[in-house]
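Participant: got a sequence here, can you model it:
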Amino acid sequence: MKTKYSVEFRLEVVQYQLKGHSKVEAARKFGINPSSAERWLVLYGQNGKDSLDNVTRYAEFDLDFKLKVVLSVINDGLSLREAEKTYNLRTKAVITNWLHQYKKDGINGLQPKKGKHRLLKQPKQIEPEQAKIDKSKTQDELLGEIAYLRAEVALLKKRRALRLESEAGAQKHLLKSSRN
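Facilitator: Residues are numbered from 1 along each chain as shown. The predicted structure is shown next:
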């Protein structure tokens, strides 16, 4: 994805600020927005020169990434600013938008907007033969099947929570190690 400013240009703006000039002074000198100068300085401070290479004007994020960010704000109590820094996002407005979409439409609100049918697939209708088989089961058999399915869902949820926790821990570790 093409970016508006080269890495070298961004680095020059950052180095100018590191010499003691304000973001406003840097913006005037280089003809950019002060918020860009500030953002580049923050990114540079977090992850060095390499982070300046990852700044894009319009980035696309997949459903899993958006959900991870939203849940970290909702469940883990991350502030918008902390989430922006943790996940190396361009602006807090992106997270605010995702939170609004999630609260309004659930997980479907986070689906990419390109294309006509991006909603999650609806569950398939039960086949008539399967319905007949289920009707012939006893109440105890059906309750046992429900218990099994609930346990399976709980296991999948726990596995996902552990994966997200592990990823968040790895992300925090990377942030700590890059600051040292």
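
Participant: C-alpha from now on. contacts and neighbour counts both.
Facilitator: Will do.

Participant: mind listing what the residue of the chain most remote from its centre touches?
Facilitator: Distance from the C-alpha centroid of the chain, by Cα atoms, centre = their mean, peaks at residue 136 (45.8 Å). Contact criterion Cα atoms under 8 Å, 6 or more residues apart in numbering gives no residues in contact with residue 136.

Participant: in stretch 25-38, what counts as buried?
Facilitator: Of the residues in stretch 25-38, those buried under the neighbour-count criterion (16 or more other Cα atoms under 10 Å) are 26, 27, 30, 34, 36, 37, 38.

Participant: what does it contact?
Facilitator: For stretch 25-38, the surrounding residues in contact (Cα under 8 Å, 6+ apart) are 10, 13, 14, 16, 17, 23, 24.

Participant: related to what we said a few turns ago, the residue farthest from the centre of the chain and residue 75, how far apart?
Facilitator: Relative to residue 75, residue 136 is positioned 42 Å away (Cα to Cα, to the nearest Å).

Participant: where does pLDDT dip in the chain?
Facilitator: Low-confidence regions of the chain, defined here as pLDDT under 70, cover residues 1-3, 54-59, 114-126, 128, 132, 174-175, 177-180.
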